[in-house]
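Enquirer: Sequence first, predicted model second:
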Amino acid sequence: MTAFGRSIGKFALLCAAVIGLTGPAHAEDGYDLWLRYRTPATTSSALKIEARGDTPTLRAAAEELRRSNLFATKAPTILLATATDRDVAALRLPLAALGDEGYRVGYVTLGNRRTLLVTANTDRGVLYGSFALLRHLQTGGSLDRIDLTSTPRVKLRVLNHWDNLDGVVERGYAGASLWDWWTLPDFRDPRYTDYARANASIGINGTVLNNVNAKAESLTAPYIAKAAALADIFRPYGIKVYLSARFSAPIELGGLKTADPRDPAVGRWWRAKADEIYRAIPDFGGFLVKANSEGQPGPRDYGATHADGANMLAAAVKPHGGIVMWRAFVYADTDPDDRAKQAYDEFKPLDGRFADNVVVQVKNGAIDFQPREPFHPLFGAMPRTPLMIEFQITKEYLGFATHLAYLAPLFAKTLDAQTGTAPGATVARVVDGSLEGHRLTGMAGVANIGDSRDWTGSPFNQANWYAFGRLAWDPGLTPEAIAREWTAQSFGRDPQVMRTVTDMLMRSREAVVDYTGALGLAHLMATGHHYGPAPWVSDLKRPEWNPVYYHRADRGGIGFDRTKTGSNAVAQYAPALAARLADPRTTPESELLWFHHLPWDYRMASGQTLWETLARRYDRGVDTVAAMRREWEALRGRVDPQRWAKTATFLAVQEREARWWRDASLSYWMSVNHLPLPAGMAPPAHDLDWYKQQRFPFAPGNPQ
Ligand code: GCW
């Protein structure tokens, strides 16, 4: 061998060693989400899969099982078949109750052979059953005993992408839009299929492709063709495509003089538009609409109601089986009343006036996706109207992509809230339709997905996408159970990793509440981009744009009086609940300042003053983040280096920013109340002016 040959040989060996140590280049960059299928690493060739029928959905299910690598050599035969299959029918299983999307996975004997049967009434159900089987195995379930039966409680389980046609994602912190509108419909990025797989694995069955702050262009022929290409890719995975519709499109695209929903020409334009969309996308889901909110056009521009607008669009999609998701996130820029009351005031009188293919989409709280809000009073106020709940998965107000904040506790707390309208009436039972007998039910999540390699900007943000899908399928799942599932699938089942990661997840959101503003404070963030603290802002044009509007802090006290002596927003809740919320002593401490303006020296149940309690919460928040950092540090070497390092860095950012929130907020409160810091607390690092001067001109997610 020549010297050159020898050095090449050495180089090759060295490369092999490096690759052996670190694995293939992209192995642990988070791309695989919770579908990592790493354990046990056996060959899938022993797996005998038989799919009865050859639909794209059954093929997708079989393909997922094959690629999973999860089946050891003694894998049984897996039969994928719908209820209409002769052999399945002969088993006389009670499958009717599974509905369109439920599944049953379990062993049966077929022709003397023990067979693992994944069955359902539809091939979509079989796909969900296949993913449930994979989840069962990835979370440590045995292959010998399997009995998985499940039916989704909510019908529409939908992601809302706030993606603009230029690729910018409003409130997106994970890169640009996943949709490359420019190269669609020709280039069908394989990543679109992986997106569909991930969603199907957690039961998401719909996606709204474009921002609710919509451009009319998304309804033009070229963009319909692009949406149709995505719909074709998603269809085998049971995912329908929806579009956000700009209410004034008949003017902008159709040359009409008006978009008045009562004008027959407007109705005709939308019907023709719907027909055109359905020619390209036969199973198009329908429209999502943000109307008369934050500058968007809508029926109120013409003196018509939200019901008039929604019903007109509903009539256009009705012949095709489509629906309209009409958002209740409205607050008028001319209404001087408490912003938290406005959606209720506008929508409650319309109860029962919406067409049967309209569902009103209500944010979880009455203001705007804050780190904590009481549940939206509309959930107890519109019994004759199907209400979808809208959560924000992207963390606009909870620290963008860098802060670790697991949102399942926020979602679950809202879903579990008692509306007080009847015994056992919870928000979940309003949303799943069981309380009032609605069949059109839904849950929407504002996506946190972008084109960053790990989809969501950080390994831990993936947990929020996952949790949203799981809770939409079954609002009764607990955040802990979902956290354990996600951790096992994403990081493996090392007990120390499992314990630490789930513990971090479970504490994380409460920490954000503590360091951004506890006790029911809200809307204290900086203007526009919403990054970082700015409770002092008071000079914006509309009163309700200013943080001071929400906290109302002065020398005498802090908090928004929403009782009779104030805006009386409490009266929007059922009487017994309203009575409890009217009294600070019976208001949950976590919502105290949402409903009450109280003196700084108000005595809390603990005996501490309000000021001391609030101040110490900031420390508690920072301390929790510091503790999470230490816990994560202890996992070094137990988690792959790539995800470990990114998370460690982000936790350091979070700790720094938690201190910033703490210090800026405390400085400001002290400038208002002139009280000293409670004993033993460290003073803020800078004076108030320093915090006020911070500028972040290109903070992400804030389209100009
Ligand atoms: O929270 C606010 C966001 C806006 C968003 C709006 C909404 C899409 O700051 O960016 O607009 O909510 O939900 O419509």
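Expert: Received the coordinates, thanks.

Enquirer: Leu184 versus the nearest residue to Glu252 once chain neighbours are set aside, what's the distance?
Expert: Once flanking residues are discounted, Glu252 sits nearest to Ala216: 4.0 Å by Cβ to Cβ, 6 or more residues apart in numbering. Just so you know, the C-beta spots here come from the backbone N, C-alpha and C atoms, and that holds for glycine as well. The gap separating Ala216 from Leu184 is 18 Å, by Cβ to Cβ, to the nearest Å.

Enquirer: ditto for Ala428
Expert: Relative to Leu184, Ala428 is positioned 37 Å away (Cβ to Cβ).

Enquirer: More neighbours: which of the two?
Expert: Relative neighbour count places Ala428 above the other of Ala428 and Leu184, with 23 against 19, counting by other Cβ atoms under 10 Å.

Enquirer: Find the helix or strand that the closest residue to Gln392 other than its chain neighbours is a member of.
Expert: Once flanking residues are discounted, Gln392 sits nearest to Phe369: 4.0 Å by Cβ to Cβ, 6+ apart. Secondary structure from DSSP states H and E places Phe369 outside every helix and strand.

Enquirer: my guess is the residue nearest to Glu252 meets Leu256, correct?
Expert: No. At 11.9 Å, Ala216 does not count as touching Leu256 under the criterion of Cβ atoms under 8 Å.

Enquirer: Now Thr258: which helix or strand?
Expert: Assigned by DSSP H and E, Thr258 belongs to neither a helix nor a strand.

Enquirer: Could you pull up the contacting residues of Asn364?
Expert: By Cβ atoms under 8 Å, 6 or more residues apart in numbering, the contact list for Asn364 reads Glu373, Phe375, His376, Ile389, Glu390, Phe391, Leu410, Phe411, Thr414.

Enquirer: how about the residue lying closest to it once chain neighbours are set aside, what does it touch?
Expert: With Cβ to Cβ, 6+ apart as the measure, Thr414 is the residue that lies nearest to Asn364, at 4.5 Å, once sequence neighbours are left out. Taking Cβ under 8 Å, 6+ apart, we find Thr414 in contact with Asn364, Gly365, Phe375, Ile389, Phe391, Val427.

Enquirer: now Phe187
Expert: Taking Cβ under 8 Å, 6+ apart as the criterion, Phe187 is in contact with Asp180.

Enquirer: hmm, try it at 10 Å
Expert: Residues counted as contacts of Phe187 (Cβ atoms under 10 Å, 6 or more residues apart in numbering) are Asp180, Ala229.

Enquirer: All further residue positions should be reported with the first residue as 813.
Expert: Got it, the first residue is 813 from now on, which makes the last one we talked about Phe999.

Enquirer: where does it land in three-state SS?
Expert: When the structure is split into helix, strand and coil by DSSP: H, G, I helix; E, B strand; the rest coil, Phe999 lands in coil.

Enquirer: Once you drop chain neighbours, what's closest to the closest residue to the ligand within the stretch 1213-1362 of the chain?
Expert: Of the residues in the stretch 1213-1362 of the chain, the one nearest the ligand is His1342, at a distance of 6.3 Å by Cβ to the nearest ligand atom. Using Cβ to Cβ, 6+ apart and skipping residues adjacent in sequence, the residue nearest His1342 is Glu1208, 5.6 Å away.

Enquirer: Find the closest residue to the ligand in the stretch 813-962 of the chain.
Expert: Going by Cβ to the nearest ligand atom, the ligand is nearest to Leu845 of the stretch 813-962 of the chain, at 25.1 Å.

Enquirer: how about the strands of the stretch 863-1012 of the chain, start to end?
Expert: With DSSP state E, counting those that start in this stretch, the ranges of strands along the stretch 863-1012 of the chain come out as 889-894, 915-922, 925-932, 959-962, 968-972.
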